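# sequence plus predicted model, see below.
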Amino acid sequence: MAYTQNPGTTGNMSDGGEYDNFDEVTSAQYPNLTAASAAAAAASATAAAASASTASTAATTATTQAGIATTQATNAATSATTAANASRLTVGTTVTGAAGSSAAVSITGAAGSQLLNLTIPRGDVGTTGATGATGATGAQGIPGINWLGTWSGATTYAIRDAVTYNGTSYYAVLASTNQAPPNATYWNVLALKGTDGSSGGGTVSSVALSAPSIFTVSGSPVTSSGTLALSYSGTALPIANGGTNATTAGDALTSLGAAGVIASADASIVVTRVGSAVDLSVSQTSPASVLVEQVRNTTGATLTKGTAVYISGATGQIPTVSKALATGDATSAQTLGLITADISNNSNGYVTIIGLVANLNTSAYTDGAQLYLAQPQQEL
């Protein structure tokens, strides 16, 4: 409902009849006025929508600009971190050098991860500090046992004496005499005897005995039980040929390791031993004038034929010899003779004491000349 004031009148509008000069106005009476109001309202709504769209666009733009600013800030921070890493230098190793040496510095590694390594000389050794106070005496340790071996009834035992009895060892907890273990009043077990092992399971099915023919064997073999007997058969002992049972003298010599062949040629004798040969010289007119002695060479080198030697020791029953020299009694007083044939080191050979040594080069001497022992580095 709308109200309008009549032209030429004044007063307030009301719904009552206080002012009769106002007449009620309806949309039917003023249709143009109603349409104009609606159009104005529509225009206002359109303007409001346009303002809202403008505001939304401004907000979107502000959000985009904020994102750009954030990205730029992140890029700036990354660039700052990269720059900082490019100039980073980390302390690496620190080594103590020898006292009095120079300090040294080195840089290793690629840019951005380089290490600074230091070598610092060791300082002088300081003076010895004062001796500290003596510490307190420690607590008394637990007394040990006194081992006395096998238990004896004649011995008086004190506490902690230890003995063995029937395979088990005990220690005394109370003094006693003639109180044998395992009497618990006086003894405690120190180490208990172990269980005996089982006996072996092997068996022997047969035992036989054999002997040389000078003995008689009876009861052989024993297969279950019995007695083996050995008695003299009455056969003469085989003492012929040195008791070797050899049938010839030559075989006996070989068995005994004695000289097996003796041959003479050009006033010399060759004695062939088992595994070795010795050249001996003997006079054709007086063979009995030759005297030789078996010796052993331990000098470390070969003693050559014709070398004058002296007795320097013994190996068992065989004398050892060394080259005789005219340097004093020690190397000349016990001169024995001349080497009969070359003797290698750690080997046995012969020395001619009386007789001839053949096939020696004596062209440097005059017949009948007297020879003497040489000085070191000289020949006889």
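Arrived safely, thanks for sending.
# what about the stretch 51-200 of the chain, any weak spots by pLDDT?
Filtered on pLDDT under 70, the stretch 51-200 of the chain yields the residue ranges 79-87, 112, 200.
# mind listing the helices in the chain by residue range?
Along the chain, counting by DSSP state H, helices occupy 31-86, 249-256.
# retrieve the pLDDT associated with the closest residue to S347 other than its chain neighbours.
Nearest in space to S347, with sequence neighbours left out and distances taken as Cβ to Cβ, 6 or more residues apart in numbering, is N297 at 5.8 Å. Placement of C-beta: from N, CA and C, glycine included. In this model, N297 is scored at 96, pLDDT.
# and N297, how far from A369?
Separation of N297 from A369 (Cβ to Cβ, to the nearest Å) stands at 28 Å.
# S225 now?
S225 sits 84 Å away from A369, taking Cβ to Cβ as the criterion.
# who has more neighbours, these two?
A369 (8 against 5; other Cβ atoms under 10 Å).
# pull the contacting residues for that one.
Neighbouring residues of A369 by Cβ atoms under 8 Å, 6 or more residues apart in numbering: there are none.
# what about 10 Å?
Applying Cβ atoms under 10 Å, 6 or more residues apart in numbering, we find A369 in contact with T362.
# repeat for K323
299, 301, 303-304, 307-310, 312, 331, 339, 373-374, 376, 380.
# same thing with A66?
Neighbour list for A66: empty [criterion: Cβ under 10 Å, 6+ apart].
# before we move on, back to that, just the buried residues of the contacts of K323.
299, 303, 307-310, 312, 331, 339, 373-374 (16 or more other Cβ atoms under 10 Å).
# surely Y310 meets T327?
No. Counting by Cβ atoms under 10 Å, T327 is not a contact partner of Y310; they are 11.3 Å apart.
# ok, the residue lying closest to T119 once chain neighbours are set aside - how many residues close by?
Among residues not flanking T119 along the chain, A104 sits closest, at 4.0 Å (Cβ to Cβ, 6+ apart). When counting by other Cβ under 10 Å, one arrives at 12 neighbours for A104.
# and A104, how far from V309?
A104 is 71 Å from V309, by Cβ to Cβ.
# and G300, what does it touch?
So G300 contacts 322, 345-346 (Cβ under 10 Å, 6+ apart).
# mind putting the residues you listed in a markdown table, neighbour count included?
Shown next, in a markdown table, are the contacts of G300 (neighbours: other Cβ atoms under 10 Å):
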| residue | neighbour count |
| --- | --- |
| S322 | 18 |
| N345 | 12 |
| N346 | 11 |
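# just the ones of those residues in strands?
Using DSSP state E, the members of the contacts of G300 that fall within strands are S322.
# nearest to A162, of the contacts of G300?
The closest of those to A162 turns out to be N346 (Cβ to Cβ; 55.9 Å).
# which residues in the stretch 251-380 of the chain form strands?
261-264, 268-273, 276-281, 291-297, 308-315, 318-323, 335-339, 347-354 (DSSP state E, counting those that start in this stretch).
# make that the stretch 101-250 of the chain, sorry
With strands called from DSSP E, counting those that start in this stretch, the stretch 101-250 of the chain shows them at 104-108, 114-121, 146-150, 156-157, 161-165, 168-172, 176-177, 187-191, 215-218, 229-232.
# how far off centre is stretch 170-184?
49 Å (Cα atoms, centre = their mean, to the nearest Å).
# what of stretch 203-222?
With Cα atoms, centre = their mean, you get 54 Å for stretch 203-222.
# now do stretch 125-140
For stretch 125-140, the separation from the chain centroid amounts to 38 Å (computed by Cα atoms, centre = their mean).
# how about stretch 100-115?
Taking Cα atoms, centre = their mean, the mean C-alpha location of stretch 100-115 is offset from the chain mean by 38 Å.
# CA atoms only: put it into CSV for me.
Only the C-alpha atoms of stretch 100-115 are listed here, as CSV (Å, rounded to 0.1, in the frame of the first residue of the first chain):
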residue,chain,number,x,y,z
GLY,A,100,110.8,-30.6,16.3
SER,A,101,109.1,-31.0,12.9
SER,A,102,107.4,-28.1,11.0
ALA,A,103,103.6,-27.6,11.0
ALA,A,104,101.9,-28.5,7.7
VAL,A,105,98.5,-27.6,6.1
SER,A,106,96.9,-29.2,3.1
ILE,A,107,93.5,-28.9,1.4
THR,A,108,92.0,-31.9,-0.4
GLY,A,109,88.8,-32.6,-2.2
ALA,A,110,86.7,-30.9,-4.9
ALA,A,111,85.2,-27.4,-4.5
GLY,A,112,82.2,-27.4,-2.2
SER,A,113,83.4,-30.4,-0.2
GLN,A,114,87.1,-29.5,0.5
LEU,A,115,88.9,-30.7,3.7
